[in-house]
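K.L.:
just to be clear, the model below is a prediction. Sequence and coordinates:
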Amino acid sequence: GEMYTSLLNVKQAISVERKLIDYLRTYIDQELERLEDIKRFYVKVSDLHTELYKGPGTAMANPLVAFTLIKRLHSEWLNVVYSNEALENTQALRSSYEDKEADLPKLEDLQGAAKGLMRLQDVYALQVTSLVRGRFQRVSNGKPIDIYMPTVSVPLSGDDCFLVGKVAYEQEDYYHSVQWLEESVRLFRGTGGEWSPENEGTLEDALDHLAFSHFKTGNVSYALSLSQELLHYDPMNGRVLQNVEKYEKLLVAASPPRVSGLRRPTTKHVRTRDTYERLCQTQGSQPMHFENPRLFCDYFTNDNPGLLLLPVRREVLSLQPYVVLYHNFITDTEAEDVKRIAQPGLTRSVVAAGEKQATADYRISKSAWLKDSAHSIVGKLDQRISMLTGLNVKHPYGEYLQVVNYGIGGHYEPHFDHATSPSSPVFKLKTGNRVATFMIYLSSVDAGGSTAFIYANFSAPVVEKAAIFWWNLHRNGQGDVDTLHAGCPVLIGDKWVANKWIHEYGQEFQHRCSLNPEE
Ligand SMILES: O=C(O)CCC(=O)C(=O)O
Ligand SMILES: [Fe+2]
């Protein structure tokens, strides 16, 4: 399955590379040994020539010398020149590499990871020039400010930037391709065109793609000068020669094309994009108590004997819609257990697409469903959710526990948890719509990953071990549009959550219905 959609899988890839490092070490040792052998032959023959064959003919008087000369020329040189050892060494390396092929990321993973980086760039307004230096900075009042300080900073190479730029380029997303290829060209220029065996692109490739991206965004004069630089390295490139001619014609034309400027590609949720990004950037922005004095924190027992001795710290985040955070809902070891038992079942998360379910770029994670038969912890959590919410969460009144692990820049764009169409798969359980969501934060994150409520205009940060609860439906059964929410892209960290979706039926004695649309 895909690797980039779950950080767990990315972590597992480390052990694959560790194996590859071992293989390469073996290969290098074998090749060094081979070259040593060749060098020994070289030294032997060249020494003979400095010692024995100085004067013409004299040494040949010795038949042993004559014989060994003939033998060398007939077979020793042949054996050296046509040795298969280099090939055998390469083949051994390749076959051990191929044994690991199933565990290697695919092109889709590379593209997914690159798109994840561009998503983080956009949502957190990160500077590409900083990212390339391994830093996470946003420009504020003309000054770059660090929004996260990594303990190890990994600068990117010209080739790294080339690959990100190319992914954008191939999607005709010139807004991003221009920025990343610009960095690629700068870095490639800096290395003076030095060749590295691992590189995919060259300065010429980067110039070529950058020139065309600038042409597409209307910056013809820059496209021209980049193409001219490219011709300097590859003067006979017919296609580039043609482009130069085309760009020159355009520039002398009566009305050269206007520079359209760089605009971000439009996405599904343009209308809510600004709010969404603001809420993600100001992680955990919540209305302060003085702004809304009706918000409060307390120790909550729900009058349940099970909670009397150990009340839960409850934080009311919003009244409309009603959203609360229950602190320390789960213990560290319980959270570890849930992640561990979910691991083998993780598959790419899907979204409702008509009557069916499908993967989508707007939800990047893997998830697994846990029945209470999976492990005693699942039933225990059900019971605790029931005590806190007073709701019946037994299947099919509650769905199985959905454990989610986010991937690189993993996110879930603004959506409703409840069904908004009668054909939704949510109704397959025949227990009505999803009346409430109970979501447990199974991990912390270092940056990003907040849960943002778009119309309600607040975001809840990831609070490890806490759980968030809200009603999705009004008491009359209508969906509450104010519950539109999102999982912000994870900037730094490995985010895990568990969802418990509770349905309308089975709650008749716990959750009062009403025909009043205001409730
Ligand atoms: O991960 C989050 O913060 C939100 C997840 C979510 O909304 C969902 O899984 O439906
Ligand atoms: Fe959701």
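P.N.:
Happy to help now that I have it. Ligands and ions are numbered 1, 2, ... in the order given.

K.L.:
so what's whichever residue of the stretch 201-350 of the chain sits closest to ligand 1 up against?
P.N.:
When scored by Cβ to the nearest ligand atom, the stretch 201-350 of the chain has residue 349 as its residue closest to ligand 1, at 7.8 Å. Yep, even glycine has a C-beta here, placed from its N, CA and C like the rest. By Cβ atoms under 8 Å, 6 or more residues apart in numbering, the contact set of residue 349 is 5, 359, 363-367, 404, 412.

K.L.:
tally up the residues packed near the residue nearest to residue 45 when sequence neighbours are not counted, please.
P.N.:
Nearest residue to residue 45, sequence neighbours excluded (Cβ to Cβ, 6 or more residues apart in numbering): residue 72, at 6.9 Å. By other Cβ atoms under 10 Å, the residues close to residue 72 number 17.

K.L.:
also residue 200?
P.N.:
There are 11 residues near residue 200, going by other Cβ under 10 Å.

K.L.:
same thing with residue 38?
P.N.:
By other Cβ under 10 Å, the residues close to residue 38 number 15.

K.L.:
also residue 482?
P.N.:
Neighbour number of residue 482 under other Cβ under 10 Å is 19.

K.L.:
wait, isn't residue 185 in contact with residue 202?
P.N.:
No - between residue 185 and residue 202 there is no contact under Cβ atoms under 8 Å: 10.6 Å.

K.L.:
surely residue 35 forms part of a strand?
P.N.:
No - looking at residue 35 with DSSP: H, G, I helix; E, B strand; the rest coil, it is helix, so not inside a strand.

K.L.:
in which helix or strand does residue 68 reside?
P.N.:
helix 63-71 (DSSP states H and E).

K.L.:
list the buried residues of that helix.
P.N.:
For helix 63-71, burial by neighbour count (16 or more other Cβ atoms under 10 Å) applies to residue 69.

K.L.:
please compute how far that helix lies from its chain's middle.
P.N.:
66 Å (Cα atoms, centre = their mean, to the nearest Å).

K.L.:
need phi/psi at residue 479.
P.N.:
Main-chain dihedrals, residue 479, degrees, to the nearest 10: phi -60, psi 140.

K.L.:
what do you get for the one 10 residues further on?
P.N.:
Residue 489 adopts backbone torsions of phi -60, psi 140, taken as degrees, to the nearest 10.

K.L.:
what's the spacing between stretch 443-456 and its chain's center?
P.N.:
Relative to its parent chain, stretch 443-456 has a centroid offset of 17 Å by Cα atoms, centre = their mean.

K.L.:
sorry, that was for stretch 84-100
P.N.:
On Cα atoms, centre = their mean, the centre of stretch 84-100 falls 31 Å from the chain's centre.

K.L.:
what is the rounded mean pLDDT of the helix holding residue 68?
P.N.:
In this model, helix 63-71 has a mean pLDDT of 94.

K.L.:
check residue 56 and give its pLDDT.
P.N.:
For residue 56, pLDDT reads 69.

K.L.:
could you do residue 306 as well?
P.N.:
pLDDT, residue 306: 89.

K.L.:
what sits against residue 82?
P.N.:
Here residue 82 is in contact with no residue (Cβ under 8 Å, 6+ apart).

K.L.:
circling back to that earlier point, wait, the residue nearest to residue 45 touches residue 44, no?
P.N.:
No - at 9.2 Å, residue 72 does not count as touching residue 44 under the criterion of Cβ under 8 Å.

K.L.:
got phi/psi on the residue of the stretch 201-350 of the chain closest to ligand 1?
P.N.:
With angles defined as degrees, to the nearest 10, residue 349 sits at phi -70, psi 150.

K.L.:
just residue 460 next, same as before
P.N.:
phi -100, psi 130.

K.L.:
briefly note if the helix or strand where residue 15 lies comes near ligand 1.
P.N.:
Using DSSP H and E, residue 15 maps to helix 7-51. No - residues of helix 7-51 are not located near ligand 1 by Cβ under 6 Å from any ligand atom, the shortest gap being 13.2 Å.

K.L.:
by contact count, what packs against that helix?
P.N.:
helix 85-99, strand 401-406 (3 or more Cβ pairs under 8 Å, 6 or more residues apart in numbering; DSSP states H and E).

K.L.:
quick one: mean pLDDT for stretch 433-443?
P.N.:
98.

K.L.:
kindly report the same for stretch 274-293.
P.N.:
For stretch 274-293, the mean confidence score works out to 79.

K.L.:
for this protein, identify the residue most remote from the centre.
P.N.:
Computed with Cα atoms, centre = their mean, the residue of the chain farthest from its C-alpha average is residue 61, at 74.7 Å.

K.L.:
dihedrals phi and psi, it?
P.N.:
Backbone torsions of residue 61, given as degrees, to the nearest 10, read phi -60, psi -30.

K.L.:
identify the residues contacting the residue in the stretch 401-519 of the chain positioned nearest to ligand 1.
P.N.:
Across the stretch 401-519 of the chain, the shortest distance to ligand 1 (Cβ to the nearest ligand atom) belongs to residue 487, at 2.9 Å. Contacts for residue 487 (Cβ under 8 Å, 6+ apart) come out as 365, 406, 410-412, 449, 451-452, 495, 497.

K.L.:
ok so, going back, want to throw the contacts of residue 349 into TSV with secondary structure and distance to ligand 1?
P.N.:
What follows is those, written out as TSV (DSSP: H, G, I helix; E, B strand; the rest coil; distance: Cβ to the nearest ligand atom, whole Å):
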residue	secondary structure	distance to ligand 1
5	coil	14
359	coil	14
363	strand	8
364	coil	11
365	strand	8
366	strand	12
367	strand	8
404	strand	6
412	strand	5
